[in-house]
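>>> show me how the following folds:
(chains A and B)
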Amino acid sequence: MLLIDKTALITGSAKGIGKATAELFSKHGAKLILVDRDMEKLEKIHEEFIKKNYPEPKIFHADVKNFEQIKSIFNELNNSKIFIDILVNNAGIMADSMLQMVQQPQVQSVYEVNVFGTIYFSQFAIKSMMRKRKGSIINISSIMGTKGYIGQTVYGSSKSAIIGFTQSLSKEIAPLNIRVNAVAPGFIETDLTLNTPPAVLEKTLSSIGMKRPGKPIDVANTILFLASDLSEYITGQVIGVDGGMII
Amino acid sequence: MTQTEKLKKAFAEALIIDEALVTDTLKYQSIPQWDSITHMVLVSSIEEAFELSLDTEEIIDLSSVAKAKEILSKKGITF
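Presented below is the predicted three-dimensional model:
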């Protein structure tokens, strides 16, 4: 059990990597605060976790691009004297398009969720972590952010921004004993990759050294490592979880 | 403990300085101990001592002990 007595907030926790991380953290004894736009799914997870005898999670409906909603979550947590040890900035959206076909609302939306949401949550979380003078923030980037790919100018650059943010913030708050790292998943079986056309899927799999897609638990295991004290001397790093993918 | 004593203690503990140094005239970056990093520790220390939350604007505005008193007064703390 790596997360006994730890409180973790996970954004985008109703499905995919976020949900897998929530379940893994629960198995390791963490108290969870789950945030998602989809309250129905969150309520199901709440029910499911109670049935499995995991610590009861607190659930919050919020859109990560809405600063006031984020502020309200942390106000409620502060009022309840709940201070977080771990933040997983997982919420993200993907939009594939060649740059000449990208419309302004798409750019706005991808950056608001993938970048601004991460910045806002980190800002509030650091204040919460300061109460314990210790913390770990894990941001979810992507192989598209480390290597780039055709049709990923907007999504890929938003995930590159996450790396820049991670590296700068890690330097800023290392003296406060708060660590910041990022995970860069490759091709993972989630809703984001569910509708990949067969021809593209075949080409993608051939680019992966291990010749198979990753699973959400593969990413969750890395997040667990970065969240736990096993990585207490690691900050400002980006760990690829991609099965040896070359793009 | 009075509110002034509580504030002095919060400053002294966050900045690791003697309470005697915590006077209204003490300003951000006027001593090596009050830099941008310890400013964050100070914010946390004040929030913890007075059981409240400071907004970003207030954190930026918190540039002296006198200013801290002014900000806290607006939140109902009487000095």
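>>> from here on, contacts and neighbour counts on C-alpha atoms
Noted.
>>> which helices and strands does whichever strand or helix holds A:L32 pack with?
Using DSSP states H and E, A:L32 sits within strand A:31-36. Here strand A:31-36 is seen to pack against strand A:7-11, helix A:16-27, helix A:39-51, strand A:58-61 when contacts are counted using 3 or more Cα pairs under 8 Å, 6 or more residues apart in numbering or on different chains; DSSP states H and E.
>>> the inter-axis angle of it versus helix A:16-27?
160 degrees (axes from the mean of the first three to the mean of the last three Cα atoms, to 10 degrees).
>>> alpha carbons only: can I get strand A:31-36 in CSV?
The C-alpha trace of strand A:31-36 is given here as CSV (Å, rounded to 0.1, in the frame of the first residue of the first chain):
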residue,chain,number,x,y,z
LYS,A,31,-8.5,9.0,-0.1
LEU,A,32,-9.8,10.3,-3.4
ILE,A,33,-11.4,13.5,-4.7
LEU,A,34,-12.7,12.8,-8.2
VAL,A,35,-13.5,15.6,-10.6
ASP,A,36,-15.2,15.2,-14.0
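>>> next, the buried residues of the lowest-mean-pLDDT helix or strand in chain A.
Across the helices and strands of chain A, the lowest-confidence element by mean pLDDT, DSSP states H and E is helix A:198-206, at a mean of 92. Neighbour counts over helix A:198-206 (16 or more other Cα atoms under 10 Å in any protein chain shown) mark A:201, A:204 as buried.
>>> now swap in stretch A:23-30 and tell me
Those would be A:23-30, for stretch A:23-30 by 16+ other Cα under 10 Å.
>>> still on that earlier bit, direction included, what does the strand holding A:L32 pair against?
For strand A:31-36, the paired strands and their directions (DSSP bridges) read strand A:7-11 (parallel), strand A:58-61 (parallel).
>>> if we look at the first one, which residues are touching it?
If you take Cα atoms under 8 Å, 6 or more residues apart in numbering or on different chains as the criterion, strand A:7-11 is touched by A:18, A:22, A:30-36, A:64, A:83-91.
>>> give me that answer again for 6 Å
Applying Cα atoms under 6 Å, 6 or more residues apart in numbering or on different chains, the external contacts of strand A:7-11 come out as A:30-35, A:84-91.
>>> for the closest residue to chain A within chain B, grab the count of nearby residues.
Taking Cα to the nearest Cα as the measure, chain B has B:S44 as its residue closest to chain A, at 6.0 Å. Residues lying near B:S44 (other Cα atoms under 10 Å in any protein chain shown) number 25.
>>> what's the answer for B:Q3, then?
A total of 15 residues lie near B:Q3 under the criterion other Cα under 10 Å.
>>> tell me the pLDDT of the nearest residue to it once chain neighbours are set aside.
Spatial nearest neighbour of B:Q3, chain neighbours left out: B:F79 (5.9 Å); criterion: Cα to Cα, 6 or more residues apart in numbering or on different chains. On pLDDT, B:F79 comes in at 92.
>>> now A:L192
Per-residue pLDDT puts A:L192 at 75.
>>> which residues in chain B form helices?
With helices called from DSSP state H, chain B shows them at B:3-15, B:36-50, B:56-61, B:65-74.
>>> can I get those in TSV with mean pLDDT?
Listed next are the helices of chain B as TSV, based on pLDDT from 0 to 100:
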stretch	mean pLDDT
helix B:3-15	97
helix B:36-50	95
helix B:56-61	96
helix B:65-74	98
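>>> and the gap between A:I73 and A:P175?
Applying Cα to Cα, to the nearest Å, the value for A:I73 to A:P175 is 26 Å.
>>> again with A:E232
As judged by Cα to Cα, A:E232 and A:P175 stand 13 Å apart.
>>> also A:K211?
To A:P175, A:K211 is 41 Å away according to Cα to Cα.
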